[in-house]
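Have a look at this prediction, sequence included:
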Amino acid sequence: MTYAALVDGELPPEESQRLRTHLLTCAPCRDVVAALGAENRMLMATMAEAAGDELALASRTRPAWVELAIVAAVLLAIGAILHWLNGQSSLGAMNWLNPFTSEGQNNLAFNLMFYLSHGGGTVLEHLASTIGRLVLGLSAVVGFLVLLRNRRFRSGISLVALALALSLPGLAIERRSSTSILTVPQNETVNDSLLASAEQVEIDGVVKGDLFTAARSVVVHGTVTGNIFAWSQTVDVDGSVGGSIFSWAQHAIIRGQVGHSVYSWVEFLRLEPGSHVASDVVVGSQEANLLGNVDGGVLAFAGRVNVRGGVGRNILARVGEINLISPAHVGGGLTVTVRDRRKVRIGEGVAIAGQTDIKMRSRVSRYSRPGFYIWRAIGLVGAFLVGWAAMYLFPGFFGATARAVGSGWRSFLLGFAILVGTPVAIVLVAVSLIGLPLAFISLGLYLIGLYLAVVFVAAFLGFIIRKRAQPRTGQGLLAYFVGLLILTVLFHLPFGIGLVFEFLAFCLGLGALIWQLYRAWRLAVV
């Protein structure tokens, strides 16, 4: 008891000095004092952490209505400004900066994509391969050591190793990469599928298989007997493709022959005169110019479509504007959905064998559709059931995570890093074939985390409104349902305000979830 009082600093100065003099010559007493000091520091740290959490929650629950009012006023002001900007016709020249227009959305998407690939496909591939190999290697070593300790699994391990040894050499794909230009010359034939990554990929020879490529520019002058899968800034095909073209690019230009179909999500698609597509064209773009021949049909979702060549079957288009210019001819029917009838222009001399059906797309508010409320109700019930199960299965973790949402900047910044950084990491990992399974697993966990983020934010709001509610009680379930109802209304406010609330909820909820998972892991390790 005397040493405990000494550690707490409660002894008179004379007695404290006498004990300290004794400790200089007595090792057992020094050990006792050291143990008491360690215990005292641990208790103080634990109490400080608990007090900090309670203080943070209390500081946010007392003036919660004031903070919510301020946030709501700021978001309403931002939404009003964005709505006003969106309605200004004089700013049409700056549509590429406006995220509410198709031009702005396309430019944002493509600029993000090309920012990620600015350093060339090689850097992305090597980084993703390194991460994938490290993760898979560590997982394999740990799993092997665990299973090896059990005799029943040793024969199974041998069979798996034999199967891998026999199956891995059967992967018929050749990988090539370069920091600048990667070329398959005219006199060369690649007898397998080719995975190519470089600043620029040029195919002048023959690829007897599929072509997978991630580059700034892809040019095919030669022959690809299979399909082309291109993720690039520009795709230029004036050679021969035996299969289909799948492209995600800014500009796609086809001058040659395509043995099957063209599937493109691009900003600008152009089928030059003399080009030939043996089957269909499916395109989502800002502008599509179809000047060549398409034996099949055309399915287009675009801002503008210009048809001057031949289409063997039907044209189905949901567009802002479509122009059929002589000598265009359509072997089937023409079905177009537009907002303005005057945006459908069919020139003289254009032949359409089937019926022409022009449908008007009216601007109907989603709030006037019964289906909107039905799906919102289904989503509300589903989220309630998920939160109910989590609350009863993990009451301690559920309550701690809900309280952690109120930690403010810590949860927001951590959640923002996870929200923005995880998709980038998934893309980097997915570039490498070895990291593709890991990318799919990470994507699944990411989507689950986003869903649970909303659950914990709803619980936080409910517990603020009903302060005495606790998990696993009727009051707790009622509070959680009230929070869900509030979030459902906030997420569907007009003028973009709902998107801002969704963003805040994802950041706060993800941050709280990751923080509590980290704390649980740390306690388990200790």
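Nice, I can see it.

Please enumerate the helices of the stretch 101-250 of the chain.
Using DSSP state H, counting those that start in this stretch, the helices of the stretch 101-250 of the chain run over 102-116, 121-148, 154-167.

With the chain instead?
2-8, 13-23, 27-61, 64-86, 102-116, 121-148, 154-167, 370-393, 395-404, 409-430, 436-465, 474-491, 497-525 (DSSP state H).

Residue 399: neighbouring residues, count only.
Other residues within reach of residue 399, judged by other CB atoms under 10 Å, total 20. Every C-beta, even on glycine, is put in place using the N, C-alpha and C of the backbone.

Kindly report the same for residue 263.
Applying other CB under 10 Å, we find 18 residues neighbouring residue 263.

One more: the one 4 residues further on?
With neighbours defined by other CB under 10 Å, the count for residue 267 comes to 21.

any idea how far it is from residue 234?
Here the criterion is CB to CB, to the nearest Å. By it, residue 267 lies 10 Å from residue 234.

joint contacts of these two?
Applying CB atoms under 8 Å, 6 or more residues apart in numbering, one finds that residue 267 and residue 234 are jointly contacted by 249, 250, 251.

Was I right to think the last one contacts residue 233?
Going back to what we said before, that points to residue 251. Yes: with contacts counted by CB atoms under 8 Å, residue 251 reaches residue 233, the gap being 7.1 Å.

Domain map for the protein?
For the chain, automatic domain parsing gives the domain ranges 1-41, 63-100, 170-296, 367-525.

Quick one: closest of the ones you listed to residue 326.
Taking CB to CB, domain 170-296 is the member of the domains of the chain nearest to residue 326, at 12.3 Å.

Extract the residue ranges of the chain that are flagged as low pLDDT.
Within the chain, the segments meeting pLDDT under 70 span 44-172, 362-365, 429-437, 524-526.

excluding its backbone neighbours, what's nearest the most centrally placed residue in it?
For the chain, the residue nearest the mean C-alpha position is residue 423 (4.2 Å; CA atoms, centre = their mean). Leaving aside its chain neighbours, residue 423 sits nearest to residue 446 (7.4 Å; criterion: CB to CB, 6 or more residues apart in numbering).

list the contacts for the one you found?
Residue 446 sits next to 422, 423, 426 when contact means CB under 8 Å, 6+ apart.

which among these gets closest to residue 495?
Residue 495 lies nearest to residue 423 out of the contacts of residue 446, by CB to CB, at 25.8 Å.

Okay, the closest one and residue 443: tell me how far apart.
Separation of residue 423 from residue 443 (CB to CB): 8 Å.

What are the buried residues along stretch 256-274?
For stretch 256-274, a neighbour-count test (16 or more other CB atoms under 10 Å) marks 256-272 as buried.

Distance across that stretch, terminal residue to terminal residue?
Start and end residues of stretch 256-274 are separated by 7 Å (CA to CA, to the nearest Å).

Go through the buried residues of stretch 256-274 and flag which are in strands.
Under the assignment DSSP state E, the buried residues of stretch 256-274 contribute 257, 258, 262, 263, 264, 265, 266, 267, 268, 269, 270, 271 to strands.

Leaving aside the residues adjacent along the chain, what's closest to the last one?
Across the structure, with CB to CB, 6+ apart as the measure, the residue nearest residue 271 apart from its sequence neighbours is residue 292 (4.0 Å).

does the one you found really touch residue 278, like I thought?
No: the criterion here is CB under 8 Å, and residue 292 misses it with residue 278 at 11.5 Å.

Based on its surroundings, how many neighbours for residue 181?
13.

Bridged to it, which residues?
residue 200 (DSSP bridges).

who touches residue 307 in this structure?
290, 298, 315, 322, 323, 324, 325, 328, 330.

Check those and tell me the two furthest apart.
Largest separation among these by CB to CB: 298 and 325, giving 14.6 Å.

Of the two, which one has the most company?
residue 298 (26 against 16).

is the more buried one in a bridge, and if so with what?
residue 281, residue 315.

give the contact list for it.
Contact partners of residue 298, counting by CB under 8 Å, 6+ apart, are 280, 281, 282, 283, 290, 307, 311, 314, 315, 316, 317.

Okay, it and residue 215: tell me how far apart.
Residue 298 is 28 Å from residue 215, by CB to CB.

Residue 224 now?
For residue 224, the distance to residue 215 - CB to CB - is 15 Å.

same deal with residue 232?
Distance, residue 232 to residue 215, using CB to CB: 5 Å.

Could you do residue 452 as well?
38 Å.

So between those two, which is more surrounded?
residue 215 (27 against 19).

mind checking how far the residue lying closest to the more buried one once chain neighbours are set aside is from residue 222?
Closest residue to residue 215 apart from its sequence neighbours, by CB to CB, 6+ apart: residue 201 at 4.5 Å. When distance is defined by CB to CB, residue 201 is 12 Å away from residue 222.

Between these two, which is the more surrounded one?
A count of neighbours by other CB under 10 Å puts residue 201 above the other of residue 201 and residue 222, at 28 against 21.

residues near the closest residue to residue 209 other than its chain neighbours, how many?
Computed as CB to CB, 6+ apart, the closest residue to residue 209 that is not its neighbour in sequence is residue 193, at 3.4 Å. Residue 193: 21 surrounding residues under other CB under 10 Å.

Residue 284 reaches residue 265, doesn't it?
Yes: counting by CB under 8 Å, residue 265 is a contact partner of residue 284 at 4.7 Å.

re earlier: quick one: contacts for the residue nearest to residue 215?
Applying CB under 8 Å, 6+ apart, we find residue 201 in contact with 181, 182, 183, 213, 215, 217, 218, 219, 232.

now it: how far from residue 226?
In terms of CB to CB, residue 201 sits 15 Å off from residue 226.

how many neighbours does the nearest residue to residue 412 once chain neighbours are set aside have?
Closest residue to residue 412 apart from its sequence neighbours, by CB to CB, 6+ apart: residue 507 at 5.0 Å. Other residues near residue 507 come to 22 when the count uses other CB under 10 Å.
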